[in-house]
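> Sequence plus the predicted model coming up.
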Amino acid sequence: MTTMTTIDVAQATGKPILEFGRAWMVSPATATRAAELELVASGRFGFWVSGRAGVLGDVDPAVAASALGFMAPSAVREYWRVRPASLSAWDAALAWFDCAATWGRTALTVMPEADVRRLADLARKVIDHADLSIGTLFAGSTLIPLPGDAAGDATINLNVLRELRGGAHLAACHAAGLGPHATIMSTDDPVRAGSAWAEGFGWRAPHPTPDPEARVRVEELTTIATARSFEPLEPAERADFVELVAAARACLTD
């Protein structure tokens, strides 16, 4: 059996982890929690902004915008500004990750608990050995406390790894010469791309001309940057991690 390289692991797990995280973010329960926290009046991304960037603490909105990257700074400023004064940035982050854990406890019930625990532990091994400089939101997300149950830990850890790849992706889009706005315009996703999606993230016309070739390079650079984080995994652990991430992704009802 051929040993998986770190590039193999990064390529095999990048999209499933992205999609797994997206599922709980758009779940009805997460929307309900956003309403309870008074984060919906500002728009549909209020919890997304305060939850993700909340790990930075009560920073200036320009700092939050620089970490999020793919949302226009003007939009981040508005979402950040309207967070209730009674809700600290860190508490918003804790609520965000709690939504992940709560959702995961239901979504992962079809997997054997031993497999979920193994997934949580392997993901944490990657997190604990990764270079924090790969992304500010990743570094902040590693500080979120784990609840201690297999499903909650696994879902939170996968979301932390989602932030790891997100940080690499943001750097890669600049390295490829696109930047966030042009990267969105150059993405081939039929839903999460183009002018409509860009404008939903606060970007305004004129929009950059799509550059599919540069967009491919963004993915290549993202994978290269992310791959180093999987070096601590032994060969058998790499294979297990890929298999378990795929199993978690298969729990979703598309």
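Great, that's in hand.
> Spell out, range by range, the helices that occur in the stretch 101-250 of the chain.
113-129, 136-141, 150-175, 179-186, 194-200, 212-227, 235-250 (DSSP state H, counting those that start in this stretch).
> Among those, single out whichever gets nearest to Leu68.
Shortest separation from Leu68 across those is recorded for helix 136-141, at 7.3 Å, computed as C-beta to C-beta. (C-beta placed from N, C-alpha, C; glycine too.)
> which strands and helices sit next to the closest one?
helix 61-68, helix 89-107, helix 150-175 (3 or more C-beta pairs under 8 Å, 6 or more residues apart in numbering; DSSP states H and E).
> ok, and for the shortest one, which residues are buried?
This points to helix 61-68. Within helix 61-68, the residues that qualify as buried are 61, 64-68, counting by 16 or more other C-beta atoms under 10 Å.
> still on that earlier bit, weakest of the helices of the stretch 101-250 of the chain by average pLDDT?
Between these, the one with the least mean pLDDT is helix 194-200; it has a mean of 92.
> Quick one: distance of that one to the chain centre.
Distance of helix 194-200 from the chain centroid (C-alpha atoms, centre = their mean, to the nearest Å) equals 19 Å.
> now what about that helix, what contacts it?
45, 181, 184-185, 187, 191, 205, 207 (C-beta atoms under 8 Å, 6 or more residues apart in numbering).
> I'd like the helices and strands packed on helix 136-141 as CSV, with distance to Ile17 appended.
Converted to CSV, those look like this (distance: least, C-beta to C-beta, whole Å):
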stretch, distance to Ile17
helix 61-68, 18
helix 89-107, 12
helix 150-175, 5
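> Can you check which of these gets nearest to Val82?
That would be helix 61-68 among those, by C-beta to C-beta, at 10.7 Å.
> What are the buried residues along the helix or strand following that closest one?
Where DSSP states H and E defines the elements, the next helix or strand beyond helix 61-68 is helix 73-81. For helix 73-81, the buried set under the neighbour-count rule, 16+ other C-beta under 10 Å, comprises 73, 75-80.
> would you turn those residues into TSV with distance to Thr142 and pLDDT?
Shown next, in TSV, are the buried residues of helix 73-81 (distance: C-beta to C-beta, whole Å; pLDDT from 0 to 100):
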residue	distance to Thr142	pLDDT
Pro73	25	98
Ala75	26	96
Val76	22	97
Arg77	26	96
Glu78	28	94
Tyr79	23	95
Trp80	22	95
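> and of the residues you listed, the nearest to Leu161?
Val76 (22.9 Å).
> List the contacts of the closest one.
Counting by C-beta under 8 Å, 6+ apart, Val76 touches 49, 53, 61, 64-65, 68, 202.
> sorry, back to before: out of the helices of the stretch 101-250 of the chain, which gets nearest to Glu38?
Comparing the helices of the stretch 101-250 of the chain under C-beta to C-beta, the one sitting nearest is helix 194-200, at 21.2 Å.
> The closest one: which residues count as buried?
Buried, per 16+ other C-beta under 10 Å, within helix 194-200: 194, 197-198.
> Take those residues and lay them out in CSV including distance to Asp211.
Listed next are these as CSV, based on distance: C-beta to C-beta, whole Å:
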residue, distance to Asp211
Gly194, 14
Trp197, 16
Ala198, 14
